[in-house]
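Enquirer: let's see this in three dimensions:
(one chain, ligands or ions: 1)
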Amino acid sequence: MVRVAVTGGAGFIGSHIAVHLARLGYRVVAVDSLERATGFERLEEAGVPLVRADLRHDDLPDADVVVHAAAYIDVAESWERPYEYMWNNAAVTAKVAKRAAERGAHLIYISSAAVYGEPEYLPIDERHPTKPKSPYGLSKLVGEQIAEMLTKKLTVARLFNVYGPGQSGPYSGVITKFIQRAKQGKPPVIFGDGEQTRDFIHVEDVARFVAVTVEKGATGVYNVGTGIAVSIRKLADIVMKIFKIEGTVRYAPPRPGDIKHSVAEISRAFSLGWKPQIALEDGLRKLIDI
Ligand SMILES: NC(=O)c1ccc[n+]([C@@H]2O[C@H](COP(=O)([O-])OP(=O)(O)OC[C@H]3O[C@@H](n4cnc5c(N)ncnc54)[C@H](O)[C@@H]3O)[C@@H](O)[C@H]2O)c1
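Expert: Below is the predicted model:
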């Protein structure tokens, strides 16, 4: 049976990947320091074992496939703590990639659209220049580069804006923030004019993408998004409609460093036989009960 280690496996995205792969019959172990884990219960419910390890200090369990999702993910924090971001995201990836290569394992590195920086054209394909705009984005890009240097059995999954059940805490994205306010009956607060666009992908579609690369042993760099640009204003409208929120959206000054538009070109991922299955409004409706 194929053994899979998912680092960051008790986090938001890692726990969905770990549970999805376990349900497909892989022998999965989640590896996590639990420092920022929000998906611990999901693992427990699905009976996925967890190894508590801080990859800055501890080794990886033996595996045939390593999905490396562990990282610090907060852009603002990365400006305050650049050293910790380079260590935990870039240097740890060097360690994980070297161990994977020594064991002949397939490494699936969970990267980010943050590696692209300000788009020079849209939609963003995988050949788009990589000029990250934050220490976080740079730490993810260096992770890609060192992994490429150390192992050839490598899949790089550049995730766009991921949302879904279990996304919570101070590092969560715009969807979680809108929904948290909606649950209190309050309309969303939009930073900037709301015309900025993002590509929102459901976490279960991300897990399905990872499963396809494991199954096919597919290597290379892939954008993982929907290919659909949604404005923040439109997102706010959908959330208000679903939650039946009265009142008007509040606007706050734009956040410095935010990019204006982002949308993925996803034909490479399509060529693997994967496509996103959860439309944004359906994905948001599913979040109401959580
Ligand atoms: N959330 C998004 O929209 C998004 C978008 C693009 C890419 N990503 C990438 O997806 C991955 C997962 O992000 P997430 O949203 O699930 O974040 P998360 O914070 O929920 O999960 C990260 C997990 O990694 C663990 N971790 C951190 N450092 C560790 C270490 N040294 N050793 C062991 N475990 C450690 C944390 O405890 C946490 O459980 C990250 O690599 C991130 O860069 C996320």
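
Enquirer: CA only for contacts and neighbour counts going forward, please
Expert: Fine.

Enquirer: quick one: low-confidence ranges for the stretch 151-290 of the chain?
Expert: 169-171, 290 (pLDDT under 70).

Enquirer: got the residues of it near the ligand?
Expert: Residues of the stretch 151-290 of the chain lying close to the ligand by Cα under 6 Å from any ligand atom are L159, F160, N161, V162.

Enquirer: and for the third one, the neighbour number?
Expert: Neighbouring residues of N161 were enumerated by other Cα atoms under 10 Å; the total is 22.

Enquirer: any idea how far it lies from L150?
Expert: 28 Å (Cα to Cα, to the nearest Å).

Enquirer: now do the strands in the protein.
Expert: Applying DSSP state E to the chain gives strands spanning 3-7, 27-32, 50-52, 65-68, 106-112, 154-159, 161-163, 189-191, 197-198, 200-202, 220-224, 230-231, 250-252.

Enquirer: the second one versus strand 3-7: what angle between them?
Expert: Read it as strand 27-32. Taking axes from the mean of the first three to the mean of the last three Cα atoms, to 10 degrees, one finds that strand 27-32 is oriented at 20 degrees with respect to strand 3-7.

Enquirer: alpha carbons of strand 27-32, as CSV, please.
Expert: What follows is strand 27-32, C-alpha atoms only, in CSV (Å, rounded to 0.1, in the frame of the first residue of the first chain):
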residue,chain,number,x,y,z
ARG,A,27,-1.9,4.8,4.1
VAL,A,28,-1.7,8.3,5.3
VAL,A,29,0.1,9.9,8.2
ALA,A,30,-0.3,13.6,9.1
VAL,A,31,2.8,15.3,10.4
ASP,A,32,2.3,18.6,12.2
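
Enquirer: contacts for that strand, please.
Expert: 1-11, 14-15, 18, 21-22, 48-54, 60, 70 (Cα atoms under 8 Å, 6 or more residues apart in numbering).

Enquirer: what subset of those residues is buried?
Expert: For the contacts of strand 27-32, a burial check counting by 16 or more other Cα atoms under 10 Å picks out 3-11, 14-15, 18, 21-22, 48, 50-51, 53-54, 60, 70.

Enquirer: which ones, among those, also lie beside the ligand?
Expert: G8, A10, G11, G14, A53, D54, A70.

Enquirer: quick one: the helices in the stretch 51-200 of the chain?
Expert: Listed in chain order, the helices of the stretch 51-200 of the chain (DSSP state H, counting those that start in this stretch) span 75-80, 82-85, 92-102, 135-150, 174-183.

Enquirer: can you name every helix or strand that the first one contacts?
Expert: Translated: helix 75-80. helix 135-150 (3 or more Cα pairs under 8 Å, 6 or more residues apart in numbering; DSSP states H and E).

Enquirer: give me the contacts around stretch 277-290.
Expert: G164, P165, I179, F200, I201, H202, D205, I238, V239, I242, F243.

Enquirer: again, 10 Å this time
Expert: Identification of contacts with stretch 277-290 by Cα atoms under 10 Å, 6 or more residues apart in numbering yields 163-166, 175-176, 179-180, 182-183, 199-205, 208, 226, 228, 230, 235, 238-239, 242-243.

Enquirer: what's the spacing between that stretch and its chain's center?
Expert: Centre-to-centre, stretch 277-290 and its host chain are 17 Å apart (Cα atoms, centre = their mean, to the nearest Å).
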